[in-house]
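Chemist: below are the sequence and a predicted model for it; my questions follow.
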Amino acid sequence: MKTQKQQILAYLEKGKAITPIQALSKFGCFRLSARISDLRNDGLNIATEYVTIKGKTFASYSII
């Protein structure tokens, strides 16, 4: 079984962006920002875009 980090990386490598709610529902990951930090420490160039919907702001991550 793949780790959360591996699953998130595979998802991002498909050209998709991921949000914390997607990470929770798809991979059971409560700490997406920590996994993104791990991937950045591994040398990946990951962009952060802040999205606001209905007054709620959250991050959306994608590979550059």
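Modeler: That came through, no problem.

Chemist: contacting residues around residue 48?
Modeler: Residues touching residue 48, when contacts are defined by C-beta atoms under 8 Å, 6 or more residues apart in numbering, comprise 36, 59-61. C-beta coordinates here come from the backbone N, C-alpha and C atoms, glycine included.

Chemist: so who does the closest residue to residue 40 other than its chain neighbours touch?
Modeler: Counting by C-beta to C-beta, 6 or more residues apart in numbering, residue 46 is the residue found nearest to residue 40 once chain neighbours are left out, at 5.7 Å. Applying C-beta under 8 Å, 6+ apart, one finds that residue 46 lies in contact with 12, 36, 39-40, 61-64.

Chemist: name the nearest residue to residue 9, ignoring sequence neighbours.
Modeler: That would be residue 39: by C-beta to C-beta, 6+ apart, it lies 6.1 Å from residue 9.
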